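Trainee: Provide a 3D model corresponding to the input given below.
(one chain, ligands or ions: 1)
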Amino acid sequence: MEKPIIELRGLTKCYGSLKAVDNLDLTIQKGEIFGLLGPNGAGKTTTIMMMLGLTEPTAGTATVCGYNATTNPIAVKRKVGYLPDSVGFYDSMTALENLTYIGRLNGIPEAEVKDRAFEVMTAIGLRDAADKKTSAFSRGMKQRLGLADVLIKQPEVIILDEPTLGIDPSGVKEFLKLIRQLSRQHGITVLLSSHHLHQVQQVCDRVGIFVGGKMLVEGSVDKLSRSLFKNETNVVSISLAEAVPTPWEFEDDLHRLERVQRVAVTDNVVEISCLSDITPSLVRFFVHKGLDVTGVHKKEYGLDDIYEKYFENNLAESNTNEKPNRVFQKSFFKK
Ligand SMILES: Nc1ncnc2c1ncn2[C@@H]1O[C@H](COP(=O)(O)OP(=O)(O)OP(=O)(O)O)[C@@H](O)[C@H]1O
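Mentor: The predicted structure is shown next:
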C-alpha cells in the first residue's frame, strides 16, 4: 500500500492549560478529499497550522508529502497549497497581474508564468475576468482566484480552511464541484476544514468529526451511517391521502410482514423500519388494504444525522461532564 500523503501521529498542541489539539492520529491517502468537521474552537486551524509548519506541536508529528512539517517546513510549503477563509489581493492590479505576481513569488520562471496563470484561470472558470481589477471581484470570485493562487504552484496537497464562508449557495456548489474536479483530474489530495455538514457531505470521500481537540469519529459518510444506524438503515415513510385513525386496524398486519421491525404513525404518515429494503411489498400492502398512497420516501442518513446520533450515543454512555458537547452541538447547527 502507498504511503499516506498526510500522516499525523499523536499530534498535540497546548496553549497554557488548554489542549487545542489532543493526541490526534490521522492518515490521508493520495487523491483523497478529507473533510475535517468541527464547531468553532475545535482545533481545526491549529491542526492545519501544525501541518504547514507554521506552529510547533507540543507533542507528536505531522508528516506531509513525506516531510516532517516541524523540521522541514519549507519542503512542505513547496508541496502544499493553503487557502484560508479569506484571501487578500492587490486591488489596483488585475486578476492576472495578481496571479502572475504570486507565480513569480513561488519561483515560476518568467517565460512560463503567464501561460501557467492563463491555464489556471481557465481551469477555475475565471479566464474571462483575467483583466478585471480584483477590487471589482465578488467574494466567490475572490475565493476562486485564491484557489488559482494555490494551484499555480502545482501542489500535491491543497488545504482549505472554511473556503466557502460568505459565498452564496450557488457559488458554494460551483466551488465544491471545482474542488472535486481538480482532485479527480489531477490526483490532488484535499483537506477541507468546515462546519457546514451538507457542504462537506457533497464533496468529501471521508470525514472526521473533530471536537475539543479530539477526533471523535472518522470514515466515509456511508460507513459511519451504516455503523451508527445498523438497525435503521431501511426506513420508509408512506404518506396516505387520509389521516390514519388510532388505534389503526392494520398495524398488527403490517408488523407481521417479514423484516418489519418498527412502525410509527403520525397523522397520515406511516414510518416503517425494516431489516432490508422491502419498499415494493410495503406499497403493495397499503394498496391491498384499499388505502390511497400519495408518497413513498426512503430515509437516507446524512452527516447531520450522524453528528446528532454520535452525540446522542456519547451522552448516553457517559454521565459526567458532557455539557460542553451539547454546547458544541448547538453552535454547530446554528451556522
Ligand atoms: N495563539 C493562541 N493562543 C491561545 N489559544 C489559542 C491560540 N490559537 C487558538 N487558540 C485556542 O485553541 C482552540 C482551538 O482554536 P482553533 O482556531 O484551532 O479552532 P477552529 O476549530 O479552527 O475554530 P474556528 O472554526 O472558529 O476557526 C480555541 O479554544 C482557541 O481559542
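Trainee: nearest residue to the residue nearest the centre of the chain other than its sequence neighbours?
Mentor: For the chain, the residue whose C-alpha lies nearest the mean C-alpha position (C-alpha atoms, centre = their mean) is Val200; its distance is 2.3 Å. Excluding the flanking residues, the one nearest Val200 by C-beta to C-beta, 6 or more residues apart in numbering is Gly35, at 3.8 Å. Where C-beta positions appear, they are placed from N, C-alpha and C, glycine not excepted.
Trainee: where do the helices of this structure begin and end?
Mentor: Taking DSSP state H as the criterion, the chain contains helices spanning 44-51, 73-79, 95-105, 110-123, 139-151, 169-186, 197-203, 221-228, 251-256, 279-288, 303-317, 323-334.
Trainee: and those helices as JSON lines, adding mean pLDDT and distance to the ligand?
Mentor: What follows is these, written out as JSON lines (pLDDT from 0 to 100; distance: least, C-beta to the nearest ligand atom, whole Å):
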{"stretch": "helix 44-51", "mean pLDDT": "94", "distance to the ligand": "3"}
{"stretch": "helix 73-79", "mean pLDDT": "93", "distance to the ligand": "17"}
{"stretch": "helix 95-105", "mean pLDDT": "93", "distance to the ligand": "24"}
{"stretch": "helix 110-123", "mean pLDDT": "90", "distance to the ligand": "27"}
{"stretch": "helix 139-151", "mean pLDDT": "89", "distance to the ligand": "16"}
{"stretch": "helix 169-186", "mean pLDDT": "86", "distance to the ligand": "17"}
{"stretch": "helix 197-203", "mean pLDDT": "82", "distance to the ligand": "13"}
{"stretch": "helix 221-228", "mean pLDDT": "78", "distance to the ligand": "20"}
{"stretch": "helix 251-256", "mean pLDDT": "92", "distance to the ligand": "46"}
{"stretch": "helix 279-288", "mean pLDDT": "94", "distance to the ligand": "40"}
{"stretch": "helix 303-317", "mean pLDDT": "67", "distance to the ligand": "15"}
{"stretch": "helix 323-334", "mean pLDDT": "38", "distance to the ligand": "9"}
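Trainee: reformat these as a markdown table; add distance to Leu240.
Mentor: As requested, those are exported to a markdown table (distance: least, C-beta to C-beta, whole Å):
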| stretch | distance to Leu240 |
| --- | --- |
| helix 44-51 | 45 |
| helix 73-79 | 58 |
| helix 95-105 | 56 |
| helix 110-123 | 51 |
| helix 139-151 | 44 |
| helix 169-186 | 33 |
| helix 197-203 | 30 |
| helix 221-228 | 28 |
| helix 251-256 | 12 |
| helix 279-288 | 7 |
| helix 303-317 | 25 |
| helix 323-334 | 31 |
